[in-house]
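K.L.:
what shape does this take:
(2 chains)
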Amino acid sequence: MGRLENMKERYDAVVIPAELNDRIQQEITRSRRQQAEKKAASRRHTFRKMIRGMAAAAAAAGILFTTALNTSPVFAKEAAQLPVIGGVARILTFRSYETEKDDIAVSVEIPTIEMIAADTGITVDGINQEILDQCEQYAHDALLRAEEYRTAFLETGGTLDEWAEHNIKITVGYEIRQQSNDYLSFVVRGTENWTNAYSESKYYNLDLNTGRPVTLQDLLGSDYVELADKSIREQIARRQNAGEVFFTAEEGGFTGISEDVRFYINRDNRPVIVFEKYEIAPGSSGEVEFEIGGN
Amino acid sequence: MKQSLNERLIQYILDDQDRFYRVAYSYTRHQEDALDAVQSAVCKALEAHERIKNAAAIRTWFYKILINECLTVLKKRGRVVLTADTAKQEEAYYEKGYEQGGDIEQELEKLEMDVQVIIKLRFFEEMSLKEISSITGYNLNTVKSKLYRGLKLLKENIQEADLWVD
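P.N.:
Got it, this is the predicted structure:
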């Protein structure tokens, strides 16, 4: 046997360390995560554009929506179950369903605003249509993402049983924050339990006297930016003393509220400013809230 | 569902990881260095996956990256003094080689780097001259002449080597 063949034999006999596969999996996982985040960033961009476009189309969409309300058996049933408590308007579930396919659970509860008082002149059809579209879009996209994940998982050697153990769940739902004669405030959320990259929350604050969205300026006055910034800085300092962790400004922490800062209205009719997970504090803190204008 | 090029790349990496390690080990002769070289090649390939143009080219494209990483490790090592520990390990390896009468590895390592690369790809990874040409960037005739020159320097029986070349 020639020396080259000998050398080739020794080459093929090199022992492969078990660590090799771990290291490679590590890189693949990291790359998948990066791509998911990149995709989410570009998707968030189109989502914002979509909302702006929808505001313009709201009037036209309203007509379509009224028909949907009147002909939906689900809506009729839901509405019948809720006693009318008086007041001007309320939030109720327009449609709710749960499905499961390929071990991906989907749970959707879409809210809608119903005007109780007649002749207020306030129309909520546009906003209702916007909510409906967004919820359905999110559920649809999230399901596609989970299916993509499943395909990749199975193609890279995962078994169906292992996939089932992931307990993938997609949730679209809402939480009511304030429901008084003056304000309606609620948040619509979409989440996927396997990734934070795509979570979306949208806050709706409606002034029931005017029928218009409530702004921070409406609630806090014209110097609302200074007021809110000062209050948030004080609260951060206080909470830091109590051991809570916030990012510094260099780390991307709080540097002042932006024009499109998220907030809801609480039971005391005060605005509560909300920062998304990771926005100004480590992910372990989740969403971070500051009530403005209290004591 | 049609697999994206990225998923194909991932699949290829998973399937051929042992080969990558052997390639890296043949350059570095050191487990930790070889693992590092493979890992950073995988990392770079995944980051640059958009640059792959077609699935057929994945293999040669990846080898280009991998060999580059191996050479980078070697270059870095040239400046780094081996610790007593690693030096001992290296020594142990070569002694074992001698016992098996396999000093051809040492002779190979004395050749110019590009000649080494070509010989290793040809005989260890059994690549065609065309594939080697696209990995190294040399044209086919240059690959051929470098290969033969290398074999001559190894005092290898060209007759024997010819049997290997298609």
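
K.L.:
quick check: buried residues in the helix or strand containing residue A:234?
P.N.:
Secondary structure assignment for residue A:234, by DSSP states H and E: helix A:224-241. Residues A:224, A:225, A:227, A:228, A:231, A:232, A:235, A:236, A:239 are the ones in helix A:224-241 that count as buried (16 or more other CB atoms under 10 Å in any protein chain shown). Backbone N, C-alpha and C define where each C-beta goes, glycine included.

K.L.:
how about stretch A:98-113?
P.N.:
Under the neighbour-count criterion of 16+ other CB under 10 Å, stretch A:98-113 has A:104, A:106, A:108, A:109, A:110, A:111, A:112, A:113 buried.

K.L.:
equivalent analysis for stretch B:16-34, please.
P.N.:
For stretch B:16-34, by 16+ other CB under 10 Å, it's B:17, B:19-31, B:33-34.

K.L.:
can you narrow those to ones near chain A?
P.N.:
B:17, B:21, B:22, B:25, B:26, B:31 (CB under 8 Å from any CB of the partner chain).

K.L.:
tell me who's in contact with the residue nearest to residue A:236 when sequence neighbours are not counted.
P.N.:
The shortest distance from residue A:236 to any non-neighbouring residue, by CB to CB, 6 or more residues apart in numbering or on different chains, is to residue A:246 (5.4 Å). If you count contacts by CB atoms under 8 Å, 6 or more residues apart in numbering or on different chains, residue A:246 has them with A:236, A:239, A:240, A:253, A:254, A:280, A:281, A:285, A:288.

K.L.:
can you list those in JSON lines and add pLDDT?
P.N.:
Formatted as JSON lines, the contacts of residue A:246 follow (pLDDT from 0 to 100):
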{"residue": "A:236", "pLDDT": "93"}
{"residue": "A:239", "pLDDT": "92"}
{"residue": "A:240", "pLDDT": "90"}
{"residue": "A:253", "pLDDT": "86"}
{"residue": "A:254", "pLDDT": "91"}
{"residue": "A:280", "pLDDT": "89"}
{"residue": "A:281", "pLDDT": "87"}
{"residue": "A:285", "pLDDT": "82"}
{"residue": "A:288", "pLDDT": "91"}
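
K.L.:
dump the residues you listed to a markdown table, plus distance to residue A:88.
P.N.:
Shown next, in a markdown table, are these (distance: CB to CB, whole Å):
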| residue | distance to residue A:88 |
| --- | --- |
| A:236 | 36 |
| A:239 | 36 |
| A:240 | 41 |
| A:253 | 40 |
| A:254 | 36 |
| A:280 | 35 |
| A:281 | 37 |
| A:285 | 36 |
| A:288 | 32 |
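
K.L.:
residue A:205 contacts residue A:262, doesn't it?
P.N.:
No. Judged on CB atoms under 8 Å, residue A:205 makes no contact with residue A:262 at a distance of 10.0 Å.

K.L.:
more neighbours, the two?
P.N.:
residue A:205 (23 against 19; other CB atoms under 10 Å in any protein chain shown).

K.L.:
check for me that the more buried one belongs to a helix.
P.N.:
No. Counting by DSSP: H, G, I helix; E, B strand; the rest coil, residue A:205 is not part of a helix but strand.

K.L.:
ok, now how distant is residue A:40 from chain B?
P.N.:
With distances taken as CB to the nearest CB, to the nearest Å, residue A:40 is found 17 Å from chain B.

K.L.:
scratch that, residue A:283 is what I was asking about
P.N.:
24 Å.

K.L.:
and what of residue A:90?
P.N.:
For residue A:90, the distance to chain B equals 44 Å [CB to the nearest CB].

K.L.:
list the residues that contact that residue.
P.N.:
A:82, A:113, A:114, A:116, A:179, A:184.

K.L.:
you'd agree residue A:280 is up against residue A:254?
P.N.:
Yes. Between residue A:280 and residue A:254 there is a contact under CB under 8 Å: 4.5 Å.

K.L.:
which neighbours do these two share?
P.N.:
By the contact definition CB under 8 Å, 6+ apart, residue A:280 and residue A:254 are jointly contacted by A:246, A:247.

K.L.:
residues near the nearest residue to residue A:149 once chain neighbours are set aside, how many?
P.N.:
Once flanking residues are discounted, residue A:149 sits nearest to residue A:194: 6.9 Å by CB to CB, 6+ apart. Residues contacting residue A:194 under the criterion other CB under 10 Å number 17.

K.L.:
again with the one 5 residues further on
P.N.:
Burial of residue A:199, expressed as a neighbour count using other CB under 10 Å, amounts to 18.

K.L.:
what about it, distance to residue A:4?
P.N.:
58 Å (CB to CB, to the nearest Å).

K.L.:
helix or strand for the residue in chain B positioned nearest to chain A, which one?
P.N.:
Per CB to the nearest CB, residue B:46 is where chain B lies closest to chain A, at 3.8 Å. Assigned by DSSP H and E, residue B:46 falls within helix B:31-47.

K.L.:
buried set for that helix?
P.N.:
B:31, B:33-46.

K.L.:
ok, and for the helix or strand containing residue A:161, which residues are buried?
P.N.:
Using DSSP H and E, residue A:161 maps to helix A:160-165. In terms of neighbour count (16+ other CB under 10 Å), helix A:160-165 has its buried residues at residue A:163.

K.L.:
same check on stretch A:193-212?
P.N.:
Within stretch A:193-212, the residues that count as buried by 16+ other CB under 10 Å are A:194-195, A:197-208, A:211.

K.L.:
how many other residues sit next to the closest residue to chain B within the stretch 101-250 of chain A?
P.N.:
Closest residue of the stretch 101-250 of chain A to chain B, CB to the nearest CB: residue A:151 (5.7 Å). Residue A:151 has 14 neighbouring residues, counting by other CB under 10 Å.

K.L.:
tell me which strands and helices the strand or helix carrying residue A:197 is in contact with?
P.N.:
Using DSSP H and E, residue A:197 sits within strand A:195-207. Judged by 3 or more CB pairs under 8 Å, 6 or more residues apart in numbering or on different chains; DSSP states H and E, strand A:195-207 is in contact with helix A:19-71, helix A:125-155, strand A:183-192, strand A:262-265.

K.L.:
three-state assignment of the nearest residue to residue B:55 once chain neighbours are set aside?
P.N.:
The shortest distance from residue B:55 to any non-neighbouring residue, by CB to CB, 6+ apart, is to residue B:8 (5.3 Å). Three-state call for residue B:8 (three-state DSSP): helix.

K.L.:
how far away is residue B:8 from residue B:57?
P.N.:
11 Å.

K.L.:
of the two, which one has the most company?
P.N.:
Counted by other CB under 10 Å, residue B:8 and residue B:57 do not tie: residue B:8 has more neighbours, with 17 against 13.
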